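below: sequence and its predicted model.
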Amino acid sequence: MSKSKKNKRKQKQSKLSDLMVWNLESTRLKAESTIKECEALIKKIDSEGVAAYYSENSDILRHAVDVWRGCVRAAELRKINEDMK
């Protein structure tokens, strides 16, 4: 393999690694947001019970779906990374 092809391959792997790290950081933040929303809901359930008003538009589902998407993306990026080696 020529030197220029090796350099291009390293650049692609570096970009892929950066994307993998960004994706994991983003997924972690969404997971933390999900935990925070769930903890607030649990606290409300414990303190107010059935007398409370509960949101029909809670962000819990959106955050959970974002976490799931991040996990799917992480798996796909890993496969790509394995294929590049």
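Arrived safely, thanks for sending. Residues are numbered from 1 along each chain as shown.

in which helix or strand does residue 17 reside?
Using DSSP states H and E, residue 17 sits within helix 3-48.

what helices and strands are in contact with that helix?
helix 60-84 (3 or more C-beta pairs under 8 Å, 6 or more residues apart in numbering; DSSP states H and E). Heads up, the C-betas are built off the backbone N, CA and C, glycines and all.

which residues touch the helix it packs on?
9, 12-13, 16-17, 19-20, 23-24, 26-27, 30-31, 33-34, 37-38, 41 (C-beta atoms under 8 Å, 6 or more residues apart in numbering).

only whichever of those residues are buried, select them in PyMOL.
Typed into PyMOL, the line below selects the buried ones among the contacts of helix 60-84, using 16 or more other C-beta atoms under 10 Å:
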select buried, resi 20+23+27+30+31+33+34+37
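
ok, the residue positioned nearest the centre of the chain - contacts?
Among the residues of the chain, the one closest to the centroid is residue 27, at 1.9 Å (C-alpha atoms, centre = their mean). Applying C-beta under 8 Å, 6+ apart, we find residue 27 in contact with 66-67, 70-71, 73-74.

just to revisit the earlier point, let me see the mean pLDDT of the helix holding residue 17.
The average pLDDT for helix 3-48 rounds to 91.

what angle separates that helix from helix 60-84?
Computed by axes from the mean of the first three to the mean of the last three C-alpha atoms, to 10 degrees, the angle separating helix 3-48 from helix 60-84 equals 160 degrees.

and the closest residue to residue 16 other than its chain neighbours, how many neighbours does it have?
Once flanking residues are discounted, residue 16 sits nearest to residue 81: 5.7 Å by C-beta to C-beta, 6 or more residues apart in numbering. For residue 81, the neighbour count with other C-beta atoms under 10 Å is 14.

look up how far residue 74 lies from residue 81.
For residue 81, the distance to residue 74 (C-beta to C-beta, to the nearest Å) stands at 10 Å.

can you check residue 68 too?
Counting by C-beta to C-beta, the separation of residue 68 from residue 74 is 11 Å.
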